[in-house]
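Q: Return a 3D structure for these sequence lines:
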Amino acid sequence: ATEGLKIVDRLLSSPRGGEKPVVVSHEAVTAQGRDRRLKAERLKALFPDARIVLTVRRPEDMLVSVYFQWLKGFGGKRREASSLDAWLDQDWRDPGRGNFLRLQYGKILELYRSLFGDENVLLLFFEDLVDDRAKFARQLSEFIGVDCGTTDHLLSQDKSNLRMTSLRYSEVRLYSSFPL
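A: Numbers count the residues shown, from 1 in each chain. Predicted coordinates:
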């Protein structure tokens, strides 16, 4: 861990014209796994003055999305469930281990607020990004201290969010196997 801190310190101390570093994370760091406290503490150790943006999604939509990922074999061993209901039933038997663990938004928010302070953690809703992009852009811009017009422009760019391909799942699986 000490070697990792040295590498991060060296990268962050490189001259960048006075800019603050921007760190973009992934749900595997904040929401997944029983070790999310350890991961959050490591982030705090590496970036003590960080501002944290958590974007959450309506739970039922999140579960449907994860189910489609599971159908492609993402997330380890495949289970013997043939329908969404059967898949949910299997996870419901152990909510502390399965996909319901990532839906503990309150616990995740509380963890990051306890480490970084209330003023350094912003909770946003994915639905606001979809339904009220201007509101989402305004909240995000004010929190991170950037021009709202720029944020709104970047959020308005043409994009598509297609389900991941099997190859992309393999890439993510490889990426996820490295500890933070």
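Q: how near is Asp132 to Arg138?
A: Asp132 is 9 Å from Arg138, where distance means C-beta to C-beta, to the nearest Å. All C-beta spots, glycine's among them, are computed from the backbone N, C-alpha and C.
Q: Quick check on the spatially closest residue to Tyr105 that is not a sequence neighbour: phi, psi?
A: The shortest distance from Tyr105 to any non-neighbouring residue, by C-beta to C-beta, 6 or more residues apart in numbering, is to Val56 (4.9 Å). The phi/psi pair for Val56 (degrees, to the nearest 10) reads phi -110, psi 160.
Q: Relative to Leu111, how far out is Arg37?
A: 6 Å.
Q: Ok, Leu38 next?
A: Distance from Leu38 to Leu111, by C-beta to C-beta: 11 Å.
Q: With neighbour numbers in mind, choose between the two.
A: Legend: neighbour count by other C-beta atoms under 10 Å for Leu38 and Leu111, higher for Leu111 (18 against 12).
Q: so where's the protein shaky on pLDDT?
A: The model of the chain has pLDDT under 70 over residues 1-34, 73-82, 94-98, 158-180.
Q: Now do the strands in it.
A: Per DSSP state E, the chain carries strands over the ranges 52-56, 121-125.
Q: nearest to Asp89, of those?
A: Checking these against Asp89 by C-beta to C-beta gives strand 52-56 as the closest, at 23.7 Å.
Q: Kind regards, and thank you for your time.
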